[in-house]
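Chemist: Dropping the sequence and predicted coords here.
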Amino acid sequence: MPRTALFMDSTTVMPEGFIEKHGVTVMPVPIYAGGKEYRDGVDITPDEFLSLLETSKERPSTAVPGLGEFMSYYEGLLKKHHNVVYPVPSYKITGLFDAAIQAAEQVPGVTIVAIDPPEGLEKDLYALRSNDPQLEARLVGIRELTPPIIAVMNTGFASGASGLVAMAALTAMGEGRPMAEIIRSMVTAKRNTNIYLILNTLEYIVDRVGHLQAFMGTLLRIKPILTFRGGDLVDAARVRGKGQAKRRMIELLKERAGSRPVDLYALHSLAQEEAKDLLEQAKCHLNVRNSWVGGIGASVSRYIGRGGLGIAFTVL
């Protein structure tokens, strides 16, 4: 049987066909909208979610599954695999990482590896940090750990950027690499991955920017470009108009990648043709090895609105 299973929640997205092809197990997160609970990707489509976002008095929100649900997935996977790897979106924007660790602690006989956990969470865990000068020694130490192992990684990102980190794990798994090498591949990918997002509207991020700032930004046709820094979602640039935002996003990608090869994952909130066009524009300026187009997922579309765009990338 395969030694290691890749486990994800539905806030992380991958290109079409990857999940089925590689047998990835995905746990749907709860979505609360219009007084009802839905399972992301199961009971509600992206179009239905955005319609609720645009019409409901209370903004739809994603939530963290209960610990029992996490445990059920872990235990089911460990019946068929020796180890489980779970790349999680940034703990600064979701409680999924903490819940993943707490649930793993309740699975009998499991060794837990935590990659880039919050400060203070290292107790009783085999913790390692991607910026640790002693990282190689910590990776070597994984070989001495007793299976079954559940490795939970704080990717520091969300959506397709977390997906690119997960895809690095899949590549290592497909090559039959041991747990330490799978984790190394994820750490390497994390160091070279990020995402840029163009908000189509400021209406849904008023909690971040404030009502007045959002109102003024809308009047001035401001299009913020967001990215992740230290696990936080921050402004990378602010420009007027979506066309200029797309051009600036490509400039930012060029500044980051230079002439090095890059994998690009164009993401959209029900704007597939626009995302395809953005990807083709990026290919004219970058040394693109692999590229994909896909939906951005409910966890991000609830902030960027219908028509929002993003590009996740890994510099190789």
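Modeler: The structure has been received and is ready for your questions. Numbering: from 1, shown residues only.
Chemist: quick one: buried residues of stretch 164-178?
Modeler: 164-170, 172-173, 177 (16 or more other Cβ atoms under 10 Å). (Glycine included, C-beta is placed from N, CA and C.)
Chemist: outside of it, which residues touch it?
Modeler: Contacts to stretch 164-178, defined as Cβ atoms under 8 Å, 6 or more residues apart in numbering, come from residues 2-4, 6, 8, 12, 14, 18, 22, 24, 85, 87, 143, 153, 155, 157, 181-182, 184-186, 188-190, 193, 263, 265, 312-314.
Chemist: got the residue ranges for the helices in this protein?
Modeler: 18-22, 46-55, 67-78, 96-105, 135-142, 159-174, 179-191, 206-209, 211-219, 242-257, 272-283, 298-304 (DSSP state H).
Chemist: weakest of those in terms of mean pLDDT?
Modeler: Least confident of these, judged by mean pLDDT, is helix 211-219 with a mean of 39.
Chemist: domain ranges for the chain?
Modeler: 4-29+64-191, 193-315 (automatic domain parsing).
Chemist: Could I get these in CSV, plus columns for distance to residue 43?
Modeler: Putting the domains of the chain into CSV (distance: least, Cβ to Cβ, whole Å) gives the following:
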stretch, distance to residue 43
domain 4-29+64-191, 8
domain 193-315, 12
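Chemist: Minimum distance to residue 55: which of those has it?
Modeler: Of all the domains of the chain, domain 193-315 sits nearest to residue 55, with 11.7 Å by Cβ to Cβ.
Chemist: so how many other residues sit close to residue 16?
Modeler: Residues near residue 16, counting by other Cβ atoms under 10 Å, number 12.
Chemist: Then residue 119?
Modeler: Counted with other Cβ under 10 Å, residue 119 comes out at 5.
Chemist: Residue 154 versus that one, what's the distance?
Modeler: Applying Cβ to Cβ, to the nearest Å, the value for residue 119 to residue 154 is 12 Å.
Chemist: got it, and residue 238?
Modeler: In terms of Cβ to Cβ, residue 238 sits 28 Å off from residue 154.
Chemist: So which of the two has more stuff around it?
Modeler: residue 154 (26 against 14).
Chemist: gap between the closest residue to the more buried one other than its chain neighbours and residue 63?
Modeler: With sequence-adjacent residues excluded and distances taken as Cβ to Cβ, 6 or more residues apart in numbering, residue 154 is closest to residue 116, at 4.3 Å. For residue 116, the distance to residue 63 (Cβ to Cβ) stands at 23 Å.
Chemist: Who has more neighbours out of these two?
Modeler: residue 116 (22 against 14).
Chemist: Per-residue pLDDT of the more buried one, please?
Modeler: pLDDT at residue 116 comes out at 95.
Chemist: State the distance from it to residue 258.
Modeler: With Cβ to Cβ as the criterion, residue 116 and residue 258 are 26 Å apart.
Chemist: Quick check: phi and psi at residue 119.
Modeler: Per-residue torsions, residue 119: phi -60, psi 140 (degrees, to the nearest 10).
Chemist: Count the residues that sit near residue 145.
Modeler: Residue 145 has 16 neighbours, counted by other Cβ under 10 Å.
Chemist: which residues pair with the closest residue to it other than its chain neighbours across the strands?
Modeler: Spatially, and ignoring its direct neighbours in sequence, residue 145 is nearest to residue 111 (4.9 Å; Cβ to Cβ, 6+ apart). Listed by DSSP bridges, the beta-bridge partners for residue 111 are residue 149.
Chemist: Quick check, pLDDT for residue 111.
Modeler: Confidence at residue 111, expressed as pLDDT, is 95.
Chemist: what's around it, how many residues?
Modeler: Using other Cβ under 10 Å: residue 111 sits among 16 other residues.
Chemist: Over to residue 193?
Modeler: As a burial measure, residue 193 scores 26 neighbours (other Cβ under 10 Å).
Chemist: Could you report the distance from it to residue 239?
Modeler: Distance from residue 193 to residue 239, by Cβ to Cβ: 24 Å.
Chemist: same check, this time on residue 263
Modeler: 25 Å.
Chemist: Kindly report the same for residue 251.
Modeler: 10 Å.
Chemist: which one of the two has more residues nearby?
Modeler: Just comparing residue 251 and residue 239: by other Cβ under 10 Å the higher neighbour count belongs to residue 239, 18 against 13.
Chemist: got a list of what the more buried one touches?
Modeler: If you count contacts by Cβ under 8 Å, 6+ apart, then residue 239 has 222-223, 225, 245, 248 around it.
Chemist: change it to 10 Å
Modeler: Under the criterion of Cβ atoms under 10 Å, 6 or more residues apart in numbering, the neighbours of residue 239 are 198, 221-225, 245-249.
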